[in-house]
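> model this:
(chains A and B)
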2 protein chains.
Amino acid sequence: MLDHARALVHFTAGRHGEWRVKDLRDVAGAPLPPTERVSIGIGPALPDPQSGWSLRGVLSHLRYTTADEAARLAALQPPLGRPEASRAALIPISKSAAWWALPQDERRAIYEERSRHTSIGLEYLPRIARRLHHSRELGEPFDFLTWFEFAPEHEAAFDELVARLRASEEWRYVEREVDIRLARSA
Amino acid sequence: MLDHARALVHFTAGRHGEWRVKDLRDVAGAPLPPTERVSIGIGPALPDPQSGWSLRGVLSHLRYTTADEAARLAALQPPLGRPEASRAALIPISKSAAWWALPQDERRAIYEERSRHTSIGLEYLPRIARRLHHSRELGEPFDFLTWFEFAPEHEAAFDELVARLRASEEWRYVEREVDIRLARSA
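Take a look at the predicted model:
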């Protein structure tokens, strides 16, 4: 089992919160309403009804990563919450029914052998910290909530990383995507 | 996204329901209270508070199955609800933290190359219909709810299938398991 008290993460739109929205761009599919700020909460508590949208996801196990890739990631990836990482991106993503109907080996081949998802991400470590939240099984509007933290001087590198992934074969299966850029409140 | 109105399944204990409990056996880990009957519901509605335990899971994508295996399964596996399949088994299972910490390739190798999970299951098709419900991401007490339907004359074959899987390397990672045998009410 997975303990929602520690593994369920909420990203809630509103007028309060640690992260100020610098830009919210609807990349594909249905848009997400703009908001001033985003707060992050852990656990099963319901969000404040005064808030705007709230997206939920769980911290769960690796779905495509091999032992070798996991070791390379573990050696390089930084933690969240570094003092210098005052910029962040929340990119909720949904993939198409066609993606989810593929067997595991075909999804893996598209994800890494052909799109180089993990390999591309490794090039940007340790500059960009990353955390993946799984939302699909929760019946949420997005399948994943991807979260990234980096220093302001690495935002251009982050833009490049995102552009490379969006040009990949894997991204042909992305049918909804919103790119929200944030700055940590002083 | 995954539509909970069609993909979320509840198995609810109580005095009413389509399936009568013939036997409930705690195989590993914490027990589950006995019950007279089990009902199955679809969608996000809350169960009747008069009921006993209620376990939830979602119908989701394949996690280990290759394209070749998926084709062999599709050619042989029967639907649920066959008139002659008046017996069923609900076997909720949780795997250990050690299992979930393994990378994908190591979990796949244990699941199929070493434990022959799919290959063993194929031997019992089309006698035994099967549906898997994913519960882990929902913060449920079990990781999976496995459901099987078969005719009374195939219960011995089902016992053999279950015994072979329980003897496999994969089952060393199963830390909680309850085996509930059911008969469809007339």
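
> going forward, measure contacts and count neighbours with C-alpha atoms only.
Noted.

> is residue A:25 in a bridge, and if so with what?
Taking DSSP bridges, one finds residue A:179 as the beta-bridge partners of residue A:25.

> Chain B versus that one, what's the distance?
Using CA to the nearest CA, to the nearest Å, one obtains 20 Å as the distance from residue A:25 to chain B.

> Next, count neighbours for residue A:97.
Here the count is done by other CA atoms under 10 Å in any protein chain shown, and residue A:97 has 14 residues near it.

> can you check the one 5 residues further on too?
For residue A:102, the count of nearby residues is 17 (other CA under 10 Å).

> what about it, which helix or strand?
Under the assignment given by DSSP states H and E, residue A:102 is not contained in any helix or strand.

> quick one, phi psi at it?
Dihedral angles phi and psi of residue A:102 (degrees, to the nearest 10) take the values phi -70, psi 150.

> Now do the contacts for the nearest residue to residue A:95 once chain neighbours are set aside.
Nearest residue to residue A:95, sequence neighbours excluded (CA to CA, 6 or more residues apart in numbering or on different chains): residue A:174, at 4.3 Å. With contacts defined as CA atoms under 8 Å, 6 or more residues apart in numbering or on different chains, the neighbours of residue A:174 are A:28, A:93, A:94, A:95, A:96.

> Now do the same for the second one: helix, strand or coil?
Put simply, residue A:93 is strand when judged by DSSP: H, G, I helix; E, B strand; the rest coil.

> Tell me which residues touch it, please.
When the contact criterion is CA under 8 Å, 6+ apart, the partners of residue A:93 are A:142, A:143, A:144, A:145, A:146, A:174, A:175, A:176, A:177, A:178.

> Which positions within the one helix or strand residue A:177 maps to qualify as buried?
Element membership of residue A:177 [criterion: DSSP H and E] is strand A:174-184. The neighbour-count criterion (16 or more other CA atoms under 10 Å in any protein chain shown) identifies A:174, A:175, A:176, A:177, A:178, A:179, A:180, A:181, A:182, A:183, A:184 as the buried residues of strand A:174-184.

> Now the two most distant members of those.
By the measure CA to CA, these have their two most distant members at A:175 and A:184, which lie 29.0 Å apart.

> Distance of the residue nearest to residue A:95 relative to residue A:62?
19 Å (CA to CA, to the nearest Å).

> And residue A:153, by the same measure?
As defined by CA to CA, residue A:153 lies at a distance of 29 Å from residue A:62.

> swap in residue A:49?
In this view, residue A:49 and residue A:62 are 33 Å apart by CA to CA.

> between those two, which one's more packed in?
Residue environment comparison for residue A:49 versus residue A:62 gives the larger neighbour count to residue A:62, 14 against 8, counting by other CA under 10 Å.

> and that one, what is it in contact with?
If a contact means CA under 8 Å, 6+ apart, then residue A:62 has B:101, B:103, B:104 as its contacts.

> Quick check: pLDDT value at it.
pLDDT recorded at residue A:62 is 93.

> so where do the strands sit in chain A?
Using DSSP state E, the strands of chain A run over residues A:8-14, A:19-28, A:37-42, A:54-58, A:87-95, A:129-134, A:144-150, A:174-184.

> buried stuff in the second one?
Across strand A:19-28, burial judged by 16+ other CA under 10 Å covers A:19, A:20, A:21, A:24, A:26.

> what sits opposite the residue nearest the centre of chain A in the beta ladder?
In chain A, the C-alpha closest to the average C-alpha coordinate belongs to residue A:146, at a distance of 0.3 Å (CA atoms, centre = their mean). Each beta-bridge partner of residue A:146 is listed here, defined by DSSP bridges: residue A:91, residue A:132.

> That one reaches residue A:91, doesn't it?
Yes. A contact is recorded between residue A:146 and residue A:91 when judged using CA atoms under 8 Å, the distance being 5.1 Å.

> coming back round to it: any chance of TSV for the contacts of residue A:174, columns pLDDT?
Rendered in TSV, the data for the contacts of residue A:174 read as follows (pLDDT from 0 to 100):
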residue	pLDDT
A:28	98
A:93	98
A:94	98
A:95	98
A:96	98
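
> burial measure for the closest residue to residue A:154 other than its chain neighbours, as a count.
What sits nearest to residue A:154 in space, not counting adjacent residues and going by CA to CA, 6+ apart, is residue A:127, at 6.8 Å. Other residues near residue A:127 come to 20 when the count uses other CA under 10 Å.

> for chain A, what's the longest helix?
With DSSP state H setting the assignment, residue counts place helix A:155-166 as the longest helix in chain A.

> Contacts for it, please.
With CA under 8 Å, 6+ apart as the test, helix A:155-166 has contacts from A:87, A:115, A:117, A:120, A:121, A:124, A:128, A:171.

> in that helix, what counts as buried?
Of the residues in helix A:155-166, those buried by neighbour count under the rule 16+ other CA under 10 Å are A:155, A:158, A:161, A:164, A:165.

> same question for that helix, mean pLDDT?
Computed over helix A:155-166, the average pLDDT equals 98.

> Can you pull the residues of chain A lying near chain B?
Selection of chain A residues close to chain B by CA under 8 Å from any CA of the partner chain yields A:1-4, A:58, A:60-67, A:70, A:94-96, A:100-106, A:134, A:136-143.

> Please tell me how far the residue of chain A most remote from its centre sits from chain B.
In chain A, the residue that sits farthest from the middle, by CA atoms, centre = their mean, is residue A:50; the gap is 24.6 Å. When distances are taken as CA to the nearest CA, residue A:50 and chain B turn out to be 24 Å apart.
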